[in-house]
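>>> Structure here, sequence nowhere to be found:
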């Protein structure tokens, strides 16, 4: 395991907000998002928390020994979905 590293620096607050919205467009519980996979039932609080977990977490990677933030791409989104399933048993998520 190694710490998440960023090629172009840590994502800006605007990028993080956009990524949270992207998560909710795919997994949001609220009908206003018209989510692709509403059964995941991700709340806005979940999306913010899981993004924080992802950005500050440690991830194993086969490429150069560290995991790169993809700018909020599909791999980033799917990793967050996995994190939601892993962390739903914890009361703070």
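Perfect, thanks for sending it. For clarity, every value in this text was computed on a predicted model and none was experimentally measured. Residues are numbered from 1 along each chain as shown.
>>> Nearest spatial neighbour of the most centrally placed residue in the chain, chain-adjacent residues omitted?
For the chain, the residue nearest the mean C-alpha position is residue 80 (3.4 Å; Cα atoms, centre = their mean). Sequence neighbours aside, residue 50 is the residue nearest to residue 80 in space, at 4.8 Å (criterion: Cβ to Cβ, 6 or more residues apart in numbering). C-beta: built from backbone N, CA, C; applies to glycine.
>>> can you tell me which helix or strand that neighbour belongs to?
For residue 50, the host element (DSSP states H and E) is helix 44-56.
>>> And for residue 17?
Using DSSP H and E, residue 17 sits within helix 13-27.
>>> Okay, buried residues for that helix please.
16, 19, 20, 22, 23, 24, 26, 27 (16 or more other Cβ atoms under 10 Å).
>>> Show the low-confidence segments of this protein, by residue range.
In the predicted model of the chain, residues 1-9, 58-68, 89-93 satisfy pLDDT under 70.
>>> what's the closest non-adjacent residue to residue 54?
Nearest residue to residue 54, sequence neighbours excluded (Cβ to Cβ, 6+ apart): residue 80, at 5.3 Å.
>>> Now name the helix or strand holding that neighbour.
helix 74-87.
>>> which strands and helices sit next to that helix?
Judged by 3 or more Cβ pairs under 8 Å, 6 or more residues apart in numbering; DSSP states H and E, helix 74-87 is in contact with helix 13-27, helix 44-56.
>>> of the ones you listed, which approaches residue 34 most closely?
helix 13-27 (7.8 Å; Cβ to Cβ).
>>> Now do that closest one against helix 74-87, angle only.
70 degrees (axes from the mean of the first three to the mean of the last three Cα atoms, to 10 degrees).
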